[in-house]
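Peer 1: sequence unknown, structure follows:
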């Protein structure tokens with residue numbers, strides 16, 4: 001079972017940037033797609049973006065497309081989420097997760113398809 005630890009969250013002003021990291025240990029990381037999700041208070045966990053096993057393919061939620069970039073370094077067992085142009089509505093706890101079985105990004109990305117969730121990192125964007 002892969003263990004995931006997110007880092008890099010914090011408080012930033014609107015328009016600013018943050019880079020989240022998700023470090024994996026204890027299992028097979030490089031053969032699976034990885035996802036980033038977020039959950040704001042009182043809301044359901046929502047998809048942010050995903051990357052395939054090699055890093056060659058990514059997909060984003062419409063709400064972050066053009067502002068967020070996902071990448072991965074399999075040699076370091078780490079996946080990243082570069083967040084630019086942050087908005088107050090991006091405030092949430094951000095989680096990374098490993099796809100249960102797929103190396104590729106699924107046609108429909110759902111939290112239920114991911115296992116090995118991290119503990120989350122808080123991102124707060126002030127207006």
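Peer 2: Yep, that arrived. Remember, predicted model here, so these are calculated numbers, not experimental data. Numbering: from 1, shown residues only.
Peer 1: lowest-pLDDT helix or strand in this structure?
Peer 2: strand 114-115 (a mean of 91; mean pLDDT, DSSP states H and E).
Peer 1: Now do that strand: everything it contacts.
Peer 2: Applying C-beta atoms under 8 Å, 6 or more residues apart in numbering, the contact partners of strand 114-115 are 1, 35, 37, 97, 98, 99, 100. Any C-beta I mention is one placed from the backbone N, CA and C, and that applies to glycine too.
Peer 1: so the fifth one sits right up against residue 116, yeah?
Peer 2: Same thing as residue 98. Yes. Between residue 98 and residue 116 a contact is recorded at 4.3 Å, counting by C-beta atoms under 8 Å.
Peer 1: higher neighbour count, the two?
Peer 2: Between residue 98 and residue 116, counted using other C-beta atoms under 10 Å, residue 98 has the larger neighbour count: 26 against 19.
Peer 1: From the contact counts, what lies against whatever helix or strand that one lives in?
Peer 2: Secondary structure assignment for residue 98, by DSSP states H and E: strand 92-99. Packed against strand 92-99 by the contact rule (3 or more C-beta pairs under 8 Å, 6 or more residues apart in numbering; DSSP states H and E) you find strand 3-7, strand 18-25, strand 34-39, strand 78-83, strand 114-115, strand 121-126.
Peer 1: That strand pairs with which strands?
Peer 2: strand 34-39 (antiparallel), strand 114-115 (antiparallel), strand 121-126 (antiparallel) (DSSP bridges).
Peer 1: who touches that strand?
Peer 2: 2, 4, 6, 9, 20, 22, 24, 29, 32-40, 43, 45, 48, 50, 79, 81, 106, 111, 113-123.
Peer 1: go on, stretch 41-56?
Peer 2: 30-39, 57-61, 64, 68, 70-74, 79, 81, 92, 94-95, 99, 103-106, 109-111.
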